[in-house]
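*Asks:* Next come a sequence and a model predicted from it.
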Amino acid sequence: MPAPRHQESTPANNGLTLILGAGAMGRLWAASLPAGQTRFLARAGTTPPAPYHYQFQNIHGDHQTVEVPFAQANDLPKASCLLVATKAPDTLAALKEHVSELPHYLPILLFQNGMGSQQQVAAQWPERPILAAVTTEGANRPTHEFTVHAGKGQTWLGPLTDAAVGIESKLLEHLSTSGLAIASEPNIQQRLWQKLIINAGINPFTAILNCANGDILQHPFYLDHIDALCLELQQLMAAEGMVPKSSIELRKNIEAVARATAANTSSMRADTLHKRPTEIDFINGYVTRRGKELGLDLAVNRMLTEQVKILTND
Ligand SMILES: NC(=O)C1=CN([C@@H]2O[C@H](COP(=O)(O)OP(=O)(O)OC[C@H]3O[C@@H](n4cnc5c(N)ncnc54)[C@H](OP(=O)(O)O)[C@@H]3O)[C@@H](O)[C@H]2O)C=CC1
Ligand SMILES: CC(C)(CO)C(=O)C(=O)O
């Protein structure tokens, strides 16, 4: 039974959008929402500098300079929502730095890939309206000050906590002012799983083989392991109580995305090339951990997790 919501728990459509994580995804949203209506949350303990400027290339190739102020204390009551666009391993800690300052009714929308970070956040603040987003938008930052909207996609959002049930339409109305395609997804867990499977089947192979998404498809290392990997994903879904697709179907889905994004550098390959921490613990690492909790030894997922960690000395 959803928890009762207070009157003020409905986000205003014309309020500010707060963004935690001023990386590629955070900057895409900041550049897309109406000018002057977004604020970045500065890292705790840092003095917010003057409004942040960066170059943004939209999906048509046009360039613009985007100016986003850092949120001040008096901005917080005027906020309609908080978009969380940190990487999965940073998300819980980043939110802990800010949550006590945020109105209790403020919708918090999580953009992380993979699985596990969303559950950590929802378990930490079950009384708050927390939602997950799954997005196929593509954004990257070739240099620190330059963000590119590289692929037009679709974003789905759905509630993770009871307090978020029923607020989706107001939030959608607000975020639709960005012009980005966004829709409600009542079964956001299923959507998260679908994305998890795609990421589990593409990202570690591209990182280990140091190749573009499409190039994994002919590689012996991929061909040697993909069927066993899909079988493990199918087993885990069944153990979770979901109606799993067959492992053959899972492989088809993975390969359709690898072909559709053939020239892309996956986020995990990009992270390993830059020696940044990857999201492996929330993708194949999550699958391995969850399997263990449910009595399954998911050896291919474990092996891929270990190999990716070696690449970044993690
Ligand atoms: N980019 C994309 O196309 C897509 C991304 N996603 C998901 O969205 C999430 C974000 O991805 P992306 O934008 O590419 O990642 P980035 O690494 O570009 O951005 C993450 C940002 O979070 C900031 N950050 C980390 N910790 C804190 C903190 N404590 N307080 C404030 N800011 C913090 C980082 O700061 P700093 O730069 O200082 O380290 C960085 O700017 C990931 O989970 C990704 O998988 C999903 C689909 C597509
Ligand atoms: C779908 C895919 C693999 C596209 O590159 C992705 O989500 C990622 O790189 O993390």
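*Replies:* Thanks, I have it. Numbering: from 1, shown residues only. Ligands and ions are numbered 1, 2, ... in the order given.

*Asks:* Just the buried positions in the strand or helix carrying Leu304, please.
*Replies:* Of the helices and strands defined by DSSP states H and E, Leu304 is found in helix 299-311. Residues Val300, Asn301, Arg302, Met303, Leu304, Thr305, Gln307, Val308, Lys309, Leu311 are the ones in helix 299-311 that count as buried (16 or more other Cβ atoms under 10 Å). (C-beta placed from N, C-alpha, C; glycine too.)

*Asks:* Against Gly114, how distant is the nearest residue to Val257 once chain neighbours are set aside?
*Replies:* Once flanking residues are discounted, Val257 sits nearest to Ile198: 4.9 Å by Cβ to Cβ, 6 or more residues apart in numbering. Relative to Gly114, Ile198 is positioned 11 Å away (Cβ to Cβ, to the nearest Å).

*Asks:* who's more crowded, those two?
*Replies:* Using other Cβ atoms under 10 Å, the more surrounded residue of Ile198 and Gly114 is Gly114, with 24 against 21.

*Asks:* residues contacting that one?
*Replies:* Residues counted as contacts of Gly114 (Cβ atoms under 8 Å, 6 or more residues apart in numbering) are Ala88, Lys195, Leu196, Asn199, Glu279, Phe282, Ile283, Tyr286.

*Asks:* switch the cut-off to 6 Å
*Replies:* Ala88, Glu279, Phe282, Ile283, Tyr286 (Cβ atoms under 6 Å, 6 or more residues apart in numbering).

*Asks:* Is the third one in contact with Ala88, as I believe?
*Replies:* Yes - taking contacts as Cβ atoms under 6 Å, Phe282 lies within contact range of Ala88: 3.9 Å.

*Asks:* what is in contact with these two at once?
*Replies:* Common neighbours of Phe282 and Ala88 (Cβ under 6 Å, 6+ apart) are Gly114, Ser117.

*Asks:* got the residue ranges for the strands in the protein?
*Replies:* 16-20, 38-40, 52-57, 63-68, 79-84, 108-110, 130-135, 138-143, 146-151, 155-159, 182-184 (DSSP state E).

*Asks:* Save the ones you listed as TSV, and put in mean pLDDT, distance to Leu294 and mean neighbour count too.
*Replies:* Conversion of these to TSV gives the following (pLDDT from 0 to 100; distance: least, Cβ to Cβ, whole Å; neighbours: other Cβ atoms under 10 Å):
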stretch	mean pLDDT	distance to Leu294	mean neighbour count
strand 16-20	98	32	24
strand 38-40	96	39	23
strand 52-57	94	43	16
strand 63-68	97	43	14
strand 79-84	98	28	23
strand 108-110	98	24	25
strand 130-135	98	21	24
strand 138-143	94	33	16
strand 146-151	96	34	19
strand 155-159	98	24	22
strand 182-184	98	30	15
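
*Asks:* want to try CSV for these, with distance to Glu240 as columns?
*Replies:* Output for the strands of the chain, formatted as CSV (distance: least, Cβ to Cβ, whole Å):
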stretch, distance to Glu240
strand 16-20, 29
strand 38-40, 36
strand 52-57, 39
strand 63-68, 39
strand 79-84, 24
strand 108-110, 20
strand 130-135, 16
strand 138-143, 28
strand 146-151, 30
strand 155-159, 17
strand 182-184, 23
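
*Asks:* can I get these in CSV with distance to ligand 2?
*Replies:* Output for those, formatted as CSV (distance: least, Cβ to the nearest ligand atom, whole Å):
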stretch, distance to ligand 2
strand 16-20, 20
strand 38-40, 23
strand 52-57, 18
strand 63-68, 23
strand 79-84, 17
strand 108-110, 15
strand 130-135, 9
strand 138-143, 7
strand 146-151, 8
strand 155-159, 13
strand 182-184, 17
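
*Asks:* closest one to Arg251 among these?
*Replies:* strand 130-135 (20.6 Å; Cβ to Cβ).

*Asks:* Report the angle between the closest one and strand 79-84.
*Replies:* On the basis of axes from the mean of the first three to the mean of the last three Cα atoms, to 10 degrees, strand 130-135 is oriented at 60 degrees to strand 79-84.

*Asks:* So which elements touch strand 130-135?
*Replies:* Here strand 130-135 touches strand 108-110, helix 117-124, strand 155-159, helix 188-209, going by 3 or more Cβ pairs under 6 Å, 6 or more residues apart in numbering; DSSP states H and E.

*Asks:* Not counting that strand itself, show me its contacts.
*Replies:* 108-111, 118, 121-122, 155-157, 159-161, 164, 188, 191-192, 195.

*Asks:* What residues of stretch 208-220 count as buried?
*Replies:* Ile208, Cys211, Ala212, Asn213, Gly214, Asp215, Ile216, Leu217.
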